[in-house]
Each structure stands twice: as C-alpha cells, then as structure tokens.
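Asks: task: produce atomic coordinates for the following.
(one chain, ligands or ions: 1)
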Amino acid sequence: MSLLEEPISELARGLRAREFSSVELTQMALAEIEAKDGAVGAFLRTTGSAALDQARAADRRLAADPAGASTLCGIPVAYKDVLCTKGVETTAGSRILEGFVPPYSATAVLRLEAVGAVGLGKLNCDEFAMGSSNENSAFQETRNPWDLGRVPGGSSGGSAAAVAARLACATLGSDTGGSIRLPASFCGVVGVKPSYGRVSRYGLIPFASSLDQIGPLTKTVEDAAHVLEVIAGRDSHDSTSAVAPVGDLRRHLSGGVDGLRLGVPDEYLAMDLDPGVRSVFEHTARELEAAGAQLIPVSLPSTEYALAAYYVLAPAEVSSNLARMDGVRFGPGVAGAPSLTEAYEQARHSGFGPEVRRRIILGTYVLSSGYYDAYYLRAQKVRTLVARDFERVFGEVDAVISPTAPTPAFRLGERVADPLAMYATDILTLPANLAGISGISVPAGFAAGLPVGLQVLGPHLGEGVCLRVAAAVEEAADLWRKLPSPTPHELRPE
Ligand code: GLN
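Replies: Numbers count the residues shown, from 1 in each chain. Here you go, the predicted structure:
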C-alpha cells in the first residue's frame, strides 16, 4: 500500500520512527504524480526540485527535534493555483496571468512552509475560481479519479482530485460559493470552508473578497484539523482576519455527537435532490441520531433567494477585483494598440475566458447607475436575511447538516452550455458564504459508485463543532480507507 494512503498523523509517526524520510515520501508523491496525473490532470505544474530541498530541510528538522517539529513537518502538500507562491508561476487558471511569477507567497502557504510542509506544486482550477467543474480552466481538464469521464467539481477541482488520487497528503483550495466543499463531495475527500476571517487571504488572487476563504482538502477530518490549525489565525497582512485565537482544533474530534442538536433545513431537503444523494443523507442522519444526536427540523426561509443574490454580489466584486488585470499591471501587454483603451480591451479580450467575461459584464451591469438599487443593493439585503436565518437557527441548534450538493459528480461537458445549471450546483453551499459561517464537506457514502458528501455548517468561528460532527460522520460511514487509490491501469485514458 502506498504511504500516501496513510493519514497525516501516521506519516508523522513513521517519519519520527525513521521508517521512511520526507525525501522518500516526497519522491514517492512525485512518482505517483508522474504515473497518474497524465490521466487526472490535477497539477498545472510541479516543483520537484524545490520540494526535495524542502524535504531535506524537513528531515534535518525532524532529526534535530522530533518532538518539537509540527505534525506537518515533511508532509507533501500542494496548492490551488489562486494562491501566490514566491518564484513559482501562479495563473489562477487564466491566460491573462500566464507567466506571472509572484514576488511573495500567500500567508497560508508561508505558514505551511514555516512548519516544514513540502510543496509539490500548483493545482488546476476554474479560471479565477469561477466555476463548479474545473472546465473553466484555460489550460486543462481535470478528471474525477472515481470516473475519468466525470468532473472533479470546482473550482478547487485539482485540489480535490489530487487528494482523492493520493498524489498529495493535503491541498489548499479556496471557497467563495462552495469551491472547496463541492469538489470534496464529488471526489470523496474532506473539505473545510473556514468562517470568514478565520484564514488570512493575503496572497490569494481575489474573486469576491467578501466571500472568499482559503481552506484544506484532505483524506480525513483529523488531517483537515491539522492543516487548519496551521493556516488559521490573525495576520497583520489581512485586516479581515479574525483576532480570535484558533486553539486546539483536534480536541473537538473525539467529542462525538451525543447530546448535540443538529438542524436539518426543510428548504434544503425540499430541493430536487438526486435520489442516491438523498438516501446517503438520510442514512447518515439516522446514524448520527443513533449516536445520540438530536435531529431538529429547522427553517432557512431566505434560501430561495440566496443563489440569485450570490450571482449578483459575486460578479459585482469580480468586476471590481479583476479591473487590475489590464495587461499593464498584470497580464501580457499589447504592442501597437492605437489607444490605451484599446490596449486594455485587447489584453482583456484575449486574456479572459467566456465565464470570466460573463461575470464581469454581469457585475458591471448590477453596479451601474440606475441598476444598483434594483440589483446590488437588493442582493445585499437578501444577504443580510440569509445571515439572520442562520443566526436564528444557531440559537436553536449546535450545527446544521445537509447534503453538500444536489447530485454526485456529473459528466464532463454536461453543463458547459448551460451556465444556470452550472450555477445551481452551488445552491446548498453558497448560503454559508453569504453568511460568513463555517462549513465542512465529509464523505458520507456512495450513489451509483460515486462519492457523496455531507455538509456540516456551524456558526461563525464554529470550526470546532463542524469538525466534531464531521468526525462522527466519518466514523459512522467508515469510508476513508475504502476510498480509491486508482491504479495507473484504471487511470489510463480510454
Ligand atoms: N461555483 C461558484 C461560482 O462559480 C463558486 C465558486 C467558488 O466558490 N470559488 O461562483
């Protein structure tokens, strides 16, 4: 069995017992990427020699101070390509940033590097994280390791697929409307969307700044807690990062759900859910009840307006955030354009893909004079209602559970021509972003052979209770060891 099948705590033990070194572990990960990623397409680029340098440094550190080194010291990880990595090309999946080499690294990346984690490379994503399938990447398709004819989910599809195919022990993604939780559900891995402010966004190429969060994707809930503990916490480079201490997140894992009140939102369950997804959810809910949780029907009445509000607010922020991609400050300049305006137009026309253009146009429209009140302002009011729904519900229950997505992974190409169908994929995840609360997707079962995630939502800075419930789901489902390590044979493209 590949070492990459093991949870991080087991690898940390093996590293300290000198059963293997970080260099060996890293070489193994690089070999797996070489063997399998041609078919999966999770990585946009690997940083093999830098990874081996980091692994050698980690081995020295582990030898010098095994007890003092972090659990993540020497562990191979990888980063979604929206996270800036000093000296390593970072594209956000967009042509307009092709060749962009950031002069600094994101805080989340720096914090992992500081404890000795080994960065294997950069992971594919939808262009500027806009999408639910990874099909909006300008560079390549990423395929779901469970079924190479299906999408991995998006926008952190490379991050989820890399963990599912056991190419990295943990990855970072970003979640603006579901982009960590959705691919986690589709690929059968754990994905955490931390509360707004829990993780610094310094060095994250912004999509919608009032919604974006960085979080981990891992095989197990405990692995996610390890990574979150390292990346979370105040950062003077991000004024929106929360001052509240992070604390020991792992202590929540063994809490169990006995005595917890878990809300089940009527509006989420009333949706048109795939029957397999519904049955996995109902089965898991019964297991949680058997483990002592009290299941309480709750109402989130503003849910029906959340999707529309999100697709006004997120594009509005896109139109502003992406204004800097003008071919001068960022992006390839245009030689010989007759005027500055035309130079901008040409750079942006050739640099952005259709979905990004659609968002910029939508966002500019909803912010324009005469339409601002009717769209943007109204959507902000809906956002407040969505947040109030959750506030009221968290007065009655400790956490909320639901399916993560209405369906399992869909086929490549299936929703490309229908943006509304693509947007609807996020219906169960984006309310949490509008409200700024914490959430996790944890593997709960299978529908027609495809993984299905269960979403746990907690209050703002309620990562602890999310992890606690997710750990109970993981235990009930007993799945993660059964998750695939697809062999090169299975992964050979048809
Ligand atoms: N799929 C959603 C969108 O396209 C969410 C993306 C995300 O969370 N980054 O906006």
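
Asks: what average pLDDT does stretch 343-352 get?
Replies: What stretch 343-352 shows for mean pLDDT is 94.

Asks: mind listing what's buried in it?
Replies: By neighbour count on 16 or more other CB atoms under 10 Å, the buried set for stretch 343-352 is 343, 344, 346, 347, 348, 351, 352. Using the backbone N, CA and C atoms, a C-beta is placed for each residue, glycine as well.

Asks: for the residue nearest the centre of the chain, give me the pLDDT.
Replies: Closest to where the C-alpha atoms of the chain average out (CA atoms, centre = their mean) is residue 180, at 2.1 Å. Predicted confidence (pLDDT) for residue 180: 98.

Asks: list the contacts for it?
Replies: 156, 159, 173, 174, 191, 192, 193, 213, 215, 217, 441 (CB atoms under 8 Å, 6 or more residues apart in numbering).

Asks: in terms of helices and strands, where is the residue of the chain positioned farthest from its centre?
Replies: Distance to the chain centre peaks in the chain at residue 338, reaching 41.9 Å (criterion: CA atoms, centre = their mean). Assessed by DSSP states H and E, residue 338 sits outside every helix and strand.

Asks: state the distance from it to the ligand.
Replies: Between residue 338 and the ligand the computed distance is 35 Å (CB to the nearest ligand atom, to the nearest Å).

Asks: residues in contact with that residue?
Replies: Shown in contact with residue 338 (CB under 8 Å, 6+ apart): no residues.

Asks: how close does it get to residue 345?
Replies: According to CB to CB, to the nearest Å, residue 338 stands 11 Å off from residue 345.

Asks: likewise residue 247?
Replies: For residue 247, the distance to residue 345 - CB to CB - is 50 Å.

Asks: give the burial count for residue 287, as a bare number.
Replies: Look at residue 287: counted by other CB atoms under 10 Å, it has 18 neighbours.

Asks: relative to residue 431, how far out is the residue of the stretch 251-400 of the chain found nearest the ligand?
Replies: Nearest residue of the stretch 251-400 of the chain to the ligand (CB to the nearest ligand atom) works out as residue 314 at 5.3 Å. Going from residue 314 to residue 431 by CB to CB gives 13 Å.

Asks: between these two, which one's more packed in?
Replies: Counted by other CB under 10 Å, residue 314 and residue 431 do not tie: residue 431 has more neighbours, with 32 against 26.

Asks: enumerate the residues of the protein near the ligand.
Replies: By the rule CB under 6 Å from any ligand atom, the part of the chain lying against the ligand is 129-132, 155, 174-179, 207, 314, 426.

Asks: who's in contact with the closest residue to residue 248 other than its chain neighbours?
Replies: Spatially, and ignoring its direct neighbours in sequence, residue 248 is nearest to residue 229 (7.4 Å; CB to CB, 6 or more residues apart in numbering). Residue 229 sits next to 246, 248, 249, 250 when contact means CB under 8 Å, 6+ apart.

Asks: top of these by number of neighbours, please.
Replies: Top of those by neighbour count (other CB under 10 Å): residue 249, with 21 neighbours.

Asks: can you report phi and psi for that one?
Replies: Backbone geometry at residue 249, expressed as degrees, to the nearest 10, gives phi -80, psi -30.

Asks: I figured it hits residue 466, correct?
Replies: No. Assessed by CB atoms under 8 Å, residue 249 is found out of contact with residue 466, at 9.7 Å.

Asks: strands of the stretch 201-350 of the chain, residue ranges please.
Replies: For the stretch 201-350 of the chain, applying DSSP state E, counting those that start in this stretch gives strands covering 213-218, 261-265, 294-298.

Asks: give me the contacts around the first one.
Replies: In other words, strand 213-218. By CB under 8 Å, 6+ apart, the surrounding residues in contact with strand 213-218 are 8, 83, 106, 108, 156, 159-160, 163, 169-176, 180, 183-184, 189-196, 198-201, 204, 223-224, 226-228, 231, 433.
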